[in-house]
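S.K.: Let me see the structure of the following:
(one chain, ligands or ions: 3)
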Amino acid sequence: MSEQRNESVVGSKSFTAVAINCAAKAGEWIKTKLGAYSNLDLKYSSHDLVTEVDKGSEKMIRSLIRTHFPTHSFLGEEGVEAGPEASAQAIAQLRDEEYLWIVDPIDGTTNFVHGFPYFAVSIALAYRGEVIVGVVYDPCRDELFLAEKGKGAYVHGKRMQVSKEATLRESLIATGFPADHRYALPVNMKGVQAIAPQVRNLRVAGSAALHMAYVAAGRLSGFWEIGLNSWDLAAGALLIQESGGQVTDTAGSPYHLGVRHVTASNGLVHDELVAALGAAGAAE
Ligand code: IPD
Ligand code: CA
Ligand code: CA
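M.R.: Ligands and ions are numbered 1, 2, ... in the order given. Alright, predicted model coming up:
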């Protein structure tokens, strides 16, 4: 722990200050590019988009982190080959590093491309496999969600708390439509079919990291999705845990950096959500 504390002031900036600085700088730049990107490429499928802004954002974040913490490891979405296998392999190789920064330079690229103002920069720092700092920044609303392990989670400087709904019937739940249409989408569709009639309503807004931040902030009761990556979830998982909520895989086992099928909630509706997904054959 003391080792962790000493490292955190190298270059006189704390881990958290650097994470905030990176997310804010990248987010401000991304916002200037809204409706003004110039290259759109497809990655894993025709549903998996990337622009030069995703790449530029990651480059900016990586070089800022390297300036402050040159010995730390870095995992960014755009540095990994597309597709679920390569993503799973990348985190498996790096998850036990001493300090690992896990970055999604734009979570919600499809929204960014269409000018739908719901996307975020997600930055997490893990210490020996455990997330210790998480920042999700929504540049369109200028909302920065921040958590430090053991110190709570904040938005606009105010402590966040998960919502109080105690049943699925009174819950607002979010999910996603994954880019992997071979495996993940059909499983998630089974979940949508099963969960929609059981809840107050469903939202599918297109950014897993922001959905997780909204669970932490008490704006959503829960969230689940099949086939996500470490960079979609790491920061959001800490936000929720530090706001009193619960994060597991869709089978109900505790969250770790390798989780790809996630269930996150205010804690009160967690077992009911996990059970409903399991009963629908929608947990994996
Ligand atoms: C995507 C978003 C989306 C989710 C997809 C993710 P990206 O991330 O989080 O909400 O449904 O599964 O891949 O590609 O915009 O970084
Ligand atoms: Ca993402
Ligand atoms: Ca992304």
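
S.K.: use CA for all of it now, contacts and neighbours both
M.R.: OK.

S.K.: Any idea what the nearest residue to L146 once chain neighbours are set aside is bridged to?
M.R.: Nearest residue to L146 in three dimensions, chain neighbours excluded: V135, at 4.6 Å (C-alpha to C-alpha, 6 or more residues apart in numbering). Beta-bridge pairing for V135 (DSSP bridges): I123, L146.

S.K.: ok so S57 is a strand residue?
M.R.: No: with DSSP: H, G, I helix; E, B strand; the rest coil as the criterion, S57 is helix rather than part of a strand.

S.K.: That one - how many residues pack around it?
M.R.: Residues lying near S57 (other C-alpha atoms under 10 Å) number 24.

S.K.: From V269, how far off is the residue in the stretch 1-150 of the chain positioned nearest to ligand 2?
M.R.: Going by C-alpha to the ion, ligand 2 is nearest to D107 of the stretch 1-150 of the chain, at 4.0 Å. Using C-alpha to C-alpha, to the nearest Å, we find D107 at a distance of 26 Å from V269.

S.K.: can you tell me which residues contact I240?
M.R.: If a contact means C-alpha atoms under 8 Å, 6 or more residues apart in numbering, then I240 has A153, V162, M212, A213, V215, A216, Q246, V247, A264, S265, N266 as its contacts.

S.K.: rerun at 7 Å
M.R.: M212, V215, A216, Q246 (C-alpha atoms under 7 Å, 6 or more residues apart in numbering).

S.K.: Which element, helix or strand, includes it?
M.R.: helix 230-241 (DSSP states H and E).

S.K.: Buried residues in that helix, which are they?
M.R.: The neighbour-count check on helix 230-241 (16 or more other C-alpha atoms under 10 Å) flags S230, W231, D232, L233, A234, A235, G236, A237, L238, L239, I240, Q241 as buried.

S.K.: cool, stretch 138-149 as well?
M.R.: Quick answer for stretch 138-149 (16+ other C-alpha under 10 Å): D138, P139, C140, L144, F145, L146, A147, E148.

S.K.: The protein against ligand 2: which residues are in contact?
M.R.: Residues of the chain that fall close to ligand 2, judged by C-alpha under 5 Å from the ion: D107, D232.

S.K.: Tell me which stretches of the chain form strands.
M.R.: Secondary structure of the chain (DSSP state E): strands at 40-42, 49-51, 73-76, 99-107, 120-127, 130-138, 143-148, 152-155, 158-159, 172-174, 201-203, 222-225, 246-249, 262-265.

S.K.: Neighbouring strands - and their directions - for the third one?
M.R.: It refers to strand 73-76. Counting by DSSP bridges, strand 73-76 is paired with strand 99-107 (parallel).

S.K.: Keeping just the C-alphas, turn the partner strand into PDB.
M.R.: Below are the C-alpha coordinates for strand 99-107, written out as PDB (Å, rounded to 0.1, in the frame of the first residue of the first chain):
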ATOM      1  CA  TYR A  99       0.000  -0.700 -12.600                       C
ATOM      2  CA  LEU A 100      -2.300  -1.000 -15.700                       C
ATOM      3  CA  TRP A 101      -4.200   1.800 -17.300                       C
ATOM      4  CA  ILE A 102      -7.300   0.600 -19.200                       C
ATOM      5  CA  VAL A 103      -8.700   3.100 -21.700                       C
ATOM      6  CA  ASP A 104     -11.700   3.300 -24.000                       C
ATOM      7  CA  PRO A 105     -10.900   6.500 -25.900                       C
ATOM      8  CA  ILE A 106     -14.500   6.900 -27.100                       C
ATOM      9  CA  ASP A 107     -17.200   4.600 -25.700                       C
END
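
S.K.: chain center to that strand, what's the gap?
M.R.: Strand 99-107 sits 9 Å away from the centroid of its parent chain (C-alpha atoms, centre = their mean, to the nearest Å).

S.K.: Just want the angle from it to strand 130-138.
M.R.: The directions of strand 99-107 and strand 130-138 differ by 20 degrees, with axes from the mean of the first three to the mean of the last three C-alpha atoms, to 10 degrees as the criterion.
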